[in-house]
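> Starting from these lines, generate the structure:
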Amino acid sequence: MTESDLPVVHLTPGRWGDPAHRVELPAAAVEALKHLGVRRPATVAVEPTDRPGLTADQLSFLTGIVGADHVATDLDARWAHTRGYSTPDLLRHRAGDTSDMPDAVVYPASHDEIQALLSACAAHDLAVVPYSGGTSVVGGLAAERRFVTVDLRRLDRLVELDEISRTATLQAGVRGPAAEALLAERGYTLGHFPQSYEGASIGGYAAARSSGQSSAGYGRFDQMVVGLTLATPRGTVELGRAPMSAAGPDLRQLVLGSEGAFGIITSVVVRIRPRPAERHFEGWRFEDFTAGLAAIRRLAHDGPLPTVLRLSDEAETAVNLADPDVLGGGSGGVLAIVGFDGPYIPATAEVLTAAGGQNLGEGPGETWRVGRYRAPYLRDPLLDEGALVETLETASFWSRLPDVKAAVTEALVMSLTDQGTPPLVLCHVSHVYETGASLYFTVISAQTEDPVEQWRTAKAAANHAIATAGGTISHHHGVGTDHRAAYAEEIGPLAVDALRAVKKTLDPDGVMSPGILLTSS
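Predicted coordinates for the structure are as follows:
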């Protein structure tokens, strides 16, 4: 089975993925956690309590547009749409915290229904947060005022496939695996496989500038988008008359990454490619992270680039996150994963060999490929055991990358150690570009009495280190509310004012995702 054949997974509220595919921690992993001071907590999950919701007038307005069958006000539906899947989100979910719960969930079936909702939501004192897959890990679904969630799951069609231009128009609610299945029927692929692939959707990919494992070959999602349609409280914006244009600034790039702050992306036109007839994955060993980084930089600079190219540091290689059933047993050095959609490219192997790499064959590559979407399932049993486990990511230019990695690692270690919970910090490069690359960190430690505050403190230290060392606050997770302050500092006050001006034009009453991406004031 390849990524293109995976089914859609409707995520379990408060736990990742399909409950039928739960992962048990190996006994060795449980024992290893004890060395970090991890102890299984005695607390149990708390059931949420309901609160007053919509007024009769608000409910009548919503049902008048989408029908009574497509407005949910029951506790279960609203609770299932509360927050996303960051570790603080899951911890708050376990604690029964309903502070970010929507007052209703609305399921429109078309762009026109969404436009009608947004055009009148201010008059009915309703704020709106769009929801496609719900996989945000940066507080992207937690508005600063009471709101209704607009769930896009009924916008699930492949609208058009232009084989001459090799583009496809997909509605925003199409889940990643469903999009692949629809395109595969005609022999095509989108080639976008983020780790949230089982549950994420096309609209979310666009709104958060998603990046998938095959970005070296297919590009990031924002590079795949050639057109889009945006519903705003002021009306509809349609962008993408041609693949490229010199007619002013490219406003598509203003909408991509806007995270629902300007409106709701209802459809996108994306570049597609023929579905590969073959795929190859293999592992490569390098003596250390510095040597591995130099090797993958050679490929990024001069090619030939594979479709997948990633490099784990010494700690991550030793833990062996590639195989959730093992969680340990790395053979020393560092591990790179190289993958090809299509024929194997011997010249890539020649570059890696010349850079000091040792080809480990298909075994490690296939193990990583198969385990790729199972790794997120590890977080729930780790939390069950009392571990704090979370991820963060950044990107920088090649010349700054080692300093960024060192600074973020040091900040996390110092912050968590100062809190009495010394951590294990793992890192890998998951996306490469000609001028730089991303860094993705995984952090594991014991929990304090207040693990949400524990991580907030550690994350603030990491954010400061990223800014000081010259990285960006996010490469592909987005801004949400978690990165909002750091994002404003990164782009500066004048750029923030420019974004506020755009929001004021498209959303004059501030009803779209209030507090997400930009502060409400």
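> By mean pLDDT, which helix or strand of the chain comes out lowest?
Ranked by mean pLDDT, DSSP states H and E, the weakest helix or strand in the chain is helix 27-34, scoring a mean of 86.
> May I have that helix as PDB, with CA atoms only?
This file holds the C-alpha atoms of helix 27-34, laid out as PDB (Å, rounded to 0.1, in the frame of the first residue of the first chain):
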ATOM      1  CA  ALA A  27       8.100  -2.400  27.100                       C
ATOM      2  CA  ALA A  28      11.600  -1.000  26.500                       C
ATOM      3  CA  ALA A  29      10.200   2.400  25.700                       C
ATOM      4  CA  VAL A  30       8.100   2.400  28.900                       C
ATOM      5  CA  GLU A  31      11.300   1.500  30.800                       C
ATOM      6  CA  ALA A  32      13.300   4.200  29.100                       C
ATOM      7  CA  LEU A  33      10.700   6.900  30.100                       C
ATOM      8  CA  LYS A  34      11.400   6.100  33.700                       C
END
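> Now do residue 11 against residue 380, distance only.
11 Å (CB to CB, to the nearest Å). Just so you know, the C-beta spots here come from the backbone N, C-alpha and C atoms, and that holds for glycine as well.
> ugh, wrong one, residue 461
26 Å.
> Helices along the stretch 401-521 of the chain, start to end?
401-418, 451-469, 484-491, 493-506 (DSSP state H, counting those that start in this stretch).
> would you list the ones you listed in CSV and tack on distance to residue 167?
Written out in CSV, the entries for the helices of the stretch 401-521 of the chain read as follows (distance: least, CB to CB, whole Å):
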stretch, distance to residue 167
helix 401-418, 34
helix 451-469, 36
helix 484-491, 31
helix 493-506, 26
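> Select, out of these, the one closest to residue 243.
helix 493-506 (23.8 Å; CB to CB).
> Identify the residues contacting the closest one?
232-234, 237, 254, 261-263, 488, 510, 512, 517-518 (CB atoms under 8 Å, 6 or more residues apart in numbering).
> Would you state the helices of the stretch 1-150 of the chain in chain order?
Here the stretch 1-150 of the chain has its helices, by DSSP H, counting those that start in this stretch, at 27-34, 56-66, 75-80, 87-94, 111-120.
> hey, where'd the strands end up in the stretch 201-350 of the chain?
225-232, 235-239, 264-271, 273-274, 279-286, 308-312, 334-341 (DSSP state E, counting those that start in this stretch).
> among the ones you listed, which is nearest residue 428?
Closest to residue 428 of the strands of the stretch 201-350 of the chain is strand 308-312 (CB to CB; 4.4 Å).
> What angle do strand 279-286 and that closest one make with each other?
Strand 308-312 runs at 30 degrees relative to strand 279-286, counting by axes from the mean of the first three to the mean of the last three CA atoms, to 10 degrees.
> I'd like the distance between residue 380 and residue 93.
As judged by CB to CB, residue 380 and residue 93 stand 11 Å apart.
> which among the contacts of helix 493-506 end up buried?
Neighbour-count burial (16 or more other CB atoms under 10 Å) applied to the contacts of helix 493-506 gives 232, 233, 237, 254, 261, 262, 263, 488, 510, 512, 517, 518.
> quick one: the closest residue to the fourth one other than its chain neighbours and residue 251, what's the gap?
It refers to residue 254. What sits nearest to residue 254 in space, not counting adjacent residues and going by CB to CB, 6 or more residues apart in numbering, is residue 502, at 6.6 Å. With distances taken as CB to CB, residue 502 is found 9 Å from residue 251.
> Mind listing the shared neighbours of those two?
Counting by CB under 8 Å, 6+ apart, residue 502 and residue 251 have no shared contacts at all.
> if we can go back for a sec, include distance to residue 57 when you put the buried ones among the contacts of helix 493-506 into TSV, please.
Shown next, in TSV, are the buried ones among the contacts of helix 493-506 (distance: CB to CB, whole Å):
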residue	distance to residue 57
232	23
233	18
237	29
254	34
261	26
262	27
263	24
488	36
510	20
512	21
517	29
518	29
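> Reformat those as TSV; add pLDDT.
Putting the buried ones among the contacts of helix 493-506 into TSV (pLDDT from 0 to 100) gives the following:
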residue	pLDDT
232	98
233	98
237	98
254	96
261	98
262	98
263	98
488	97
510	97
512	98
517	97
518	97
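> And the residues you listed, which two are furthest apart?
237 and 488, at 24.2 Å, using CB to CB across the buried ones among the contacts of helix 493-506.
> Dump the contacts of helix 493-506 to TSV, plus distance to residue 337.
Output for the contacts of helix 493-506, formatted as TSV (distance: CB to CB, whole Å):
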residue	distance to residue 337
232	41
233	44
234	46
237	39
254	34
261	35
262	37
263	38
488	35
510	44
512	39
517	33
518	37
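> nearest to residue 360, of the residues you listed?
residue 517 (42.2 Å).
> so who does the closest one touch?
Listed by CB under 8 Å, 6+ apart, the contact set of residue 517 reads 258, 259, 260, 261, 479, 480, 484, 487, 499.
> That one and residue 473, how far apart?
Distance from residue 517 to residue 473, by CB to CB: 12 Å.
> Can you list the low-confidence ranges for the protein?
The chain contains residues with pLDDT under 70 at 1-6, 43-44, 321-331.
> Secondary structure element holding residue 360?
According to DSSP states H and E, residue 360 maps onto strand 358-361.
> Show me which positions of that strand end up buried.
residue 360.
> Can you name the element that comes right after it?
Remark: after strand 358-361, the chain's next helix or strand is helix 362-371, criterion DSSP H and E.
> name the helices or strands packed onto that next one?
Applying 3 or more CB pairs under 8 Å, 6 or more residues apart in numbering; DSSP states H and E, we find helix 362-371 packed against strand 279-286, strand 334-341.
> how about a markdown table for the strands of the stretch 201-350 of the chain, with distance to residue 219 added?
Output for these, formatted as a markdown table (distance: least, CB to CB, whole Å):
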| stretch | distance to residue 219 |
| --- | --- |
| strand 225-232 | 10 |
| strand 235-239 | 18 |
| strand 264-271 | 8 |
| strand 273-274 | 10 |
| strand 279-286 | 18 |
| strand 308-312 | 13 |
| strand 334-341 | 13 |
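> Any idea which of these gets closest to residue 414?
Nearest to residue 414, of all the strands of the stretch 201-350 of the chain, is strand 308-312, at 22.8 Å by CB to CB.
> what helices or strands is that closest one leaning on?
helix 215-218, helix 289-302, strand 334-341, strand 424-429.
> Next, format the ones you listed as CSV and append mean neighbour count and distance to residue 277.
Below are the helices and strands packed on strand 308-312 laid out as CSV (neighbours: other CB atoms under 10 Å; distance: least, CB to CB, whole Å):
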stretch, mean neighbour count, distance to residue 277
helix 215-218, 22, 15
helix 289-302, 19, 23
strand 334-341, 25, 9
strand 424-429, 22, 28
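> Take those and write them to a markdown table, including distance to residue 134.
A markdown table is the format used below for the helices and strands packed on strand 308-312 (distance: least, CB to CB, whole Å):
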| stretch | distance to residue 134 |
| --- | --- |
| helix 215-218 | 23 |
| helix 289-302 | 33 |
| strand 334-341 | 28 |
| strand 424-429 | 25 |
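> The ones you listed: which one's closest to residue 228?
Across those, residue 228 has its closest neighbour in helix 215-218 (18.1 Å, CB to CB).
> That closest one: how far from the chain's middle?
How far helix 215-218 lies from its chain's middle: 17 Å, per CA atoms, centre = their mean, to the nearest Å.
> In terms of secondary structure, what does it contact?
Using 3+ CB pairs under 8 Å, 6+ apart: helix 215-218 touches strand 308-312.
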